[in-house]
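Novice: got a predicted model here, sequence first, then my questions.
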Amino acid sequence: MAAVGVLKKLNETGGRKVPADAPGSFVAARYAGYLAKARKSGDDTAYRHYWELCVILSLRDGLRSGDVYVPGSRRYADPATYLYTPAQWQPRQAGYCQLVGKPAMAADAQEQGKEELHTALAQLENTLAGALPDDTGTVRLDEDEHLVIPKLTAEDIPAEARELKDELSGLLPFAPVASLLIELDGRTKFLDCFTHAGGRKLAQSPDLKRNILAVLIALATNLGLARMSEACGISYDVLAWTMEWYVREETLREANTRIVNHHYGLELSKVFGGGTMSSSDGQRFPVRGKSLSGRDMIIHGGRVLSTYTHVSGQWSTYGTKIIVPTVREAHFALDEFLGNATDLPFTEHATDTHGATLINFGLFDLVGKALTPRMRDLTRVTLVRDDIPAEIGKRYPHAGPLLAARSNEDLISDCWPDLLRMGGSLKYGQASASLIVGKWSAASRQNTMAAALKEWGMLRRTIHTAKYLSDPAYRRRISRQLNKGESLHALRRDLRYAQQGAITRPHPGEQTEQAWCLTVLTNAVVTWTTEYYTLAVKQLRGEGRSVPDELLAHISPGHSGNINFFGVINVDIEAELSKLSGGWRPLRPAQLRDLGL
């Protein structure tokens, strides 16, 4: 800040030469050579330019990380103000520690972490000791004692599972997308969540429900209100009024939560997964026109934005966020996970390498959850030990040499109360997770709390990595969950078919509403398919067929082969409900399936 003061004075007085006693310790090492060369040659103009740029860059980085803050600012405030104050935290600490299973005392926390570390290292030691150097299918050490991690082989899906999926899909009835939503609303009443912005008036009018469904389909499929008006016969003005007053982010979230909770209670959903694991991943969509969140990316063929979605192990999507595609996705992994309003009891979250930051490892553990990413280049990851190399080498002859650094236990102990306070501030909603992750990820090494959080994250990453390398089932479970999230990308692309999937709405708020409409429609398709899969399975079992749950676990409800998104969209609620027999459509008879109809 002293350098900023000098620069300000130079600009006010019109000075061109930087004073000889001007601060220079803030200059990054990669830029120091330019300043030294200019000073040595006596080029005061060049030195002024280089020095001024370094001041501005350092100020920018300081504002981003929170090392420099602006009193009264919301974006560049002191990071400590985002958290509970020590006085506010004191009465909450005991309850929080009990909630997340973390000791209040630093010594007990360190002991707990060491116990987990040595358990994981013992498993890794057994794996490495039992693997031969020429055993290409397992994690092993080669002749030079270098770690070799083979690719995980593709999961062996039984041929019976593929045949069963085809048979079940053949039993599913065909349904237009509007009919599907009307039918699902009859069982979940999710349309009642769309309330008027001026009050809590329930959406019970058939015409109003029809209009809301038309807006949902228009935004989710990317048709837009004008084209939807032509397709369904409802005037544009009515659709625009409905979207303005009823279709908002909060009503879309509430409707999505109701659908996800209904799906969670289905019998077949328990076969897909227990609901304790989730994953998150980003999906790029093209952008047309101006957009505050769009960026040009050559790798994606032009201007795009990202939708960052959180998917449960039961194939339901419980979180959606629009983000700038050039921002690291790790900053947003915790947001929807902590803000989960569904009945799904998550304890574990998987990401790709993008989410595997030390800050995330530390924060997930501090809020009582587990981060289990699938990471690439594991041989380059720094693993930590809790003792000197000689002692660790004696205890773990094979795994010990892989632990290249020692954990800074003193730093963690000194900052443990503040780490708990940080975790509690996130858990109880005092601070936004993406804001905290972004600030502390960019913090300098002089930031003690950020350094302590990274040390704790390094310990948690070491425990995860040891488990990941020693247990193929653990690796496959993580990979299977991530594949579920990625497979839903194809369904979303199928649903957003109009205008080649390009986003034309410019503002982030409008884009968020459209993304949530797509999420609601995606979950509606998944839930509807799961329900009819359940009916089809009951029919097959009633005919004496053996349909084991082990085969059903390989079947995905995330497909749209039985749903029509195109053509004239007729939103007639009463007529559609009258077609249902006992609330359900009849399954397709064998004669039609044999004819391919």
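Specialist: That came through, no problem.

Novice: and Arg92, how far from Ala175?
Specialist: Distance, Arg92 to Ala175, using C-beta to C-beta, to the nearest Å: 49 Å. Backbone N, C-alpha and C define where each C-beta goes, glycine included.

Novice: buried stuff in the longest helix anywhere in the chain?
Specialist: Ranked by residue count and defined by DSSP state H, the top helix of the chain is helix 508-542. For helix 508-542, the buried set under the neighbour-count rule, 16 or more other C-beta atoms under 10 Å, comprises 508, 510-537, 540.

Novice: and that helix, what does it pack against?
Specialist: helix 159-171, helix 177-188, helix 206-220, helix 249-264, helix 267-272, strand 302-312, strand 317-323, helix 472-495 (3 or more C-beta pairs under 8 Å, 6 or more residues apart in numbering; DSSP states H and E).

Novice: now the ones you listed as CSV including mean pLDDT?
Specialist: Formatted as CSV, the helices and strands packed on helix 508-542 follow (pLDDT from 0 to 100):
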stretch, mean pLDDT
helix 159-171, 90
helix 177-188, 94
helix 206-220, 94
helix 249-264, 97
helix 267-272, 94
strand 302-312, 94
strand 317-323, 95
helix 472-495, 93
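
Novice: you'd agree Arg284 is up against Ser306?
Specialist: Yes: distance between Arg284 and Ser306: 5.8 Å, which falls inside the contact criterion (C-beta atoms under 8 Å).

Novice: looking at these two, which one has more neighbours?
Specialist: A direct count of neighbours by other C-beta atoms under 10 Å for Arg284 and Ser306 places Ser306 higher, at 25 against 17.

Novice: so what's the residue nearest to Ala553 when sequence neighbours are not counted up against?
Specialist: With C-beta to C-beta, 6 or more residues apart in numbering as the measure, Val271 is the residue that lies nearest to Ala553, at 5.5 Å, once sequence neighbours are left out. Val271 makes contact with 549, 552-553, according to C-beta atoms under 8 Å, 6 or more residues apart in numbering.

Novice: next one: Gly224
Specialist: 218, 498-499, 504.

Novice: check Leu128 too.
Specialist: 139-141, 398-399.

Novice: show me those that map onto strands.
Specialist: Among these, the members falling in strands are 140-141 (criterion: DSSP state E).

Novice: farthest-separated two in the contacts of Leu128?
Specialist: Arg140 and Ala399 (11.9 Å; C-beta to C-beta).

Novice: Thr351 against Gly282, yeah?
Specialist: No: applying C-beta under 8 Å, one finds Thr351 not in contact with Gly282, separated by 10.1 Å.

Novice: ok, so of the contacts of Val271, who is nearest Lys321?
Specialist: Nearest to Lys321 among those, with distances taken as C-beta to C-beta, is Ala553, at 29.1 Å.

Novice: give me the pLDDT for the residue nearest to Tyr532 when sequence neighbours are not counted.
Specialist: Of all residues not flanking Tyr532 in the chain, Leu172 sits nearest, at 4.9 Å (C-beta to C-beta, 6+ apart). Leu172 carries a pLDDT value of 91.

Novice: pull the number of nearby residues for Leu172.
Specialist: Counted with other C-beta under 10 Å, Leu172 comes out at 21.

Novice: domain map for this protein?
Specialist: 2-65, 98-157+275-486, 161-260+511-595 (automatic domain parsing).

Novice: make CSV out of those and add distance to Gly72.
Specialist: Output for those, formatted as CSV (distance: least, C-beta to C-beta, whole Å):
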stretch, distance to Gly72
domain 2-65, 14
domain 98-157+275-486, 17
domain 161-260+511-595, 28
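
Novice: could you tell me the least trusted of these?
Specialist: domain 2-65 (a mean of 82).

Novice: please state the offset of that one from the chain centre?
Specialist: The chain centre lies 40 Å from the centre of domain 2-65; the measure is C-alpha atoms, centre = their mean, to the nearest Å.

Novice: cool, and stretch 504-520?
Specialist: For stretch 504-520, the distance to the chain centre is 17 Å (C-alpha atoms, centre = their mean).

Novice: swap in stretch 165-174?
Specialist: 31 Å.

Novice: output that stretch as CSV, nothing but the C-alphas.
Specialist: Extracted in CSV, the C-alpha atoms of stretch 165-174 (Å, rounded to 0.1, in the frame of the first residue of the first chain):
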residue,chain,number,x,y,z
LYS,A,165,-32.7,-52.4,-20.5
ASP,A,166,-33.8,-52.9,-24.1
GLU,A,167,-36.8,-54.9,-22.9
LEU,A,168,-37.8,-52.4,-20.3
SER,A,169,-37.5,-49.5,-22.7
GLY,A,170,-39.7,-51.4,-25.1
LEU,A,171,-42.4,-51.6,-22.4
LEU,A,172,-42.4,-47.9,-21.7
PRO,A,173,-45.3,-46.0,-23.3
PHE,A,174,-44.7,-43.1,-25.7
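
Novice: got the contact list for that stretch?
Specialist: Applying C-beta under 8 Å, 6+ apart, the contact partners of stretch 165-174 are 529, 532-533, 536-537, 539-540, 554-556, 559, 561-564, 585-588, 593.

Novice: buried set for stretch 466-481?
Specialist: 466-471, 475, 477-478, 480-481.

Novice: over to stretch 17-28?
Specialist: In stretch 17-28, counting by 16+ other C-beta under 10 Å, buried: 18, 22, 26-27.

Novice: His196: neighbouring residues, count only.
Specialist: Neighbours around His196, by other C-beta under 10 Å: 13.

Novice: quick check: chain neighbours aside, which residue is closest to it?
Specialist: Trp245 (5.5 Å).

Novice: do Pro325 as well
Specialist: Ser306 (4.3 Å).

Novice: is that neighbour bridged to anything, and to what?
Specialist: Arg284, Ile323 (DSSP bridges).

Novice: let me see the contact set for it.
Specialist: Going by C-beta under 8 Å, 6+ apart, the list of residues near Ser306 reads 282-285, 322-325, 329.

Novice: now list the buried members of those.
Specialist: By 16+ other C-beta under 10 Å, the contacts of Ser306 give 282-285, 322-323, 325, 329 as buried.

Novice: from the residues you listed, which is closest to Lys189?
Specialist: Ile322 (27.8 Å).

Novice: distance of that closest one from Ser291?
Specialist: Separation of Ile322 from Ser291 (C-beta to C-beta): 10 Å.

Novice: so what sits against both of the two?
Specialist: Common neighbours of Ile322 and Ser291 are listed as 305, 511 (criterion: C-beta under 8 Å, 6+ apart).

Novice: find the residue at the geometric middle of the protein.
Specialist: A centroid search over the chain (C-alpha atoms, centre = their mean) returns Ser280, at 3.1 Å, as the residue closest to the centre.

Novice: where does it land in three-state SS?
Specialist: strand (DSSP: H, G, I helix; E, B strand; the rest coil).

Novice: I figured it hits Glu336, correct?
Specialist: Yes: using C-beta under 8 Å, Ser280 makes contact with Glu336 at a distance of 7.3 Å.

Novice: list the residues that contact both of those two?
Specialist: Joint contacts of Ser280 and Glu336 (C-beta under 8 Å, 6+ apart) are 310, 319.

Novice: what's the neighbour count on the spatially closest residue to Lys189 that is not a sequence neighbour?
Specialist: Using C-beta to C-beta, 6+ apart and skipping residues adjacent in sequence, the residue nearest Lys189 is Arg258, 7.3 Å away. Arg258 has 20 neighbours, counted by other C-beta under 10 Å.

Novice: distance of Arg258 relative to Leu344?
Specialist: For Arg258 relative to Leu344 (C-beta to C-beta), the value is 13 Å.
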